[in-house]
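In: Any chance you could fold what I've pasted below:
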Amino acid sequence: MQKKGKKQLYRPLKVTFFAIMVLCCSLLLLYWLKSMLGWDLSRSHRLSDSFPFNLFQRSKLLEPQKEGIIIDENFDSLPLENIWFLWTREVNTVRFSRNIDQGDSSKSLAFFSDTNDEWSYAFTKFIKVKQNDIYRFSGFAKKFNRENMISLRIASFDAAQTPLNWKYHEKIADSTGHWTPLSDEFVIREPEISYIKFQLVGKGKGEFRFDDIFFTLELSGR
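Out: Here you go, the predicted model:
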């Protein structure tokens with residue numbers, strides 16, 4: 001009778017332990033998927049970068065070995081989620097899809113915002129830079145509300161990938177209702193800058209579109 005009582009006591013403990021292990025594994029799997037999709041509520045601190053969640057992520061560093069194209073995106077097919085990620089202050093306030101302009105067979109990337117806050121669609125890789133590197137970015141942007149803001153932007157980071165300037169370089173579209181070409185060329189002059197990131201940025205409620213995005217290393221500072 002005593003052995004049977006012990007078995008009855010251990011059985012619910014085993015079930016509870018198994019249930020806890022399944023729950024923990026499920027949470028880790030869900031967080032791995034979140035990390036792959038780039039869903040983060042903060043740009044300055046990402047739990048994805050902390051142990052053990054950083055073990056589930058692919059390398060987020062890109063170090064150009066020579067001059068050439070780093071990003072070449074026409075959005076004719078949806079970008080892979082581990083290449084770009086959407087950042088918003090509040091979840092489910094911005095969505096995106098491929099759209100075809102009337103009279104144009106090519107596709108562009110369209111965003112639909114339900115918030116007045118700023119949001120960004122960023123290239124996931126931290127691009128390693130050197131002093132005197134020369135970079136160039138270009139693309140087309142379209143907004144449908146003159147009160148809104150749409151831009152191509154470069155953010156800068158130090159060696160620890162801590163943000164230095166979210167608006168290190170930026171080109172903003174002034175016109176409304178038609179495609180605006182945006183481009184800029186810049187030199188990495190500040191020695192404290194170790195990494196940069198490329199972003200598509202919008203602010204305000206309404207529709208935003210981007211197309212034919214290029215980002216290149218024009219000249220390596222060596």
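In: and residue 135, how many residues sit next to it?
Out: Neighbour count for residue 135, taken as other CB atoms under 10 Å: 22. For the C-beta atoms, the positions are set from N, CA and C on the backbone; glycine is no exception.
In: Could you list every helix and strand that the helix or strand harbouring it packs against?
Out: Of the helices and strands defined by DSSP states H and E, residue 135 is found in strand 134-143. Using 3 or more CB pairs under 8 Å, 6 or more residues apart in numbering; DSSP states H and E, the elements in contact with strand 134-143 are strand 149-157, strand 180-187, strand 195-203, strand 206-219.
In: Recalculate using a threshold of 6 Å.
Out: For strand 134-143, the elements it packs on are strand 149-157, strand 180-187, strand 206-219, judged by 3 or more CB pairs under 6 Å, 6 or more residues apart in numbering; DSSP states H and E.
In: distance of residue 95 from residue 119?
Out: As judged by CB to CB, to the nearest Å, residue 95 and residue 119 stand 11 Å apart.
In: how near is the residue nearest to residue 145 when sequence neighbours are not counted to residue 162?
Out: Nearest residue to residue 145, sequence neighbours excluded (CB to CB, 6 or more residues apart in numbering): residue 206, at 4.3 Å. Plainly put, residue 206 is 33 Å away from residue 162 if you go by CB to CB.
In: Give me the more crowded residue out of the two.
Out: Between residue 206 and residue 162, residue 206 has the larger neighbour count (other CB under 10 Å), namely 15 against 11.
In: Tell me how far that one lies from residue 199.
Out: Applying CB to CB, the value for residue 206 to residue 199 is 19 Å.
In: do residue 168 as well
Out: Counting by CB to CB, the separation of residue 168 from residue 199 is 10 Å.
In: Tell me how this protein divides into domains.
Out: In the domain annotation for the chain, the residue ranges read 2-37, 59-219 (automatic domain parsing).
In: Let me have these in TSV, extended by mean pLDDT.
Out: Below are the domains of the chain laid out as TSV (pLDDT from 0 to 100):
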stretch	mean pLDDT
domain 2-37	62
domain 59-219	92
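In: Most tightly packed of those?
Out: Ranked by mean neighbour count, the domains of the chain are led by domain 59-219 with a mean of 16 (mean count of other CB atoms under 10 Å).
In: Walking through the protein, point out its helices one by one.
Out: In the chain, the helices defined using DSSP state H lie at 2-37.
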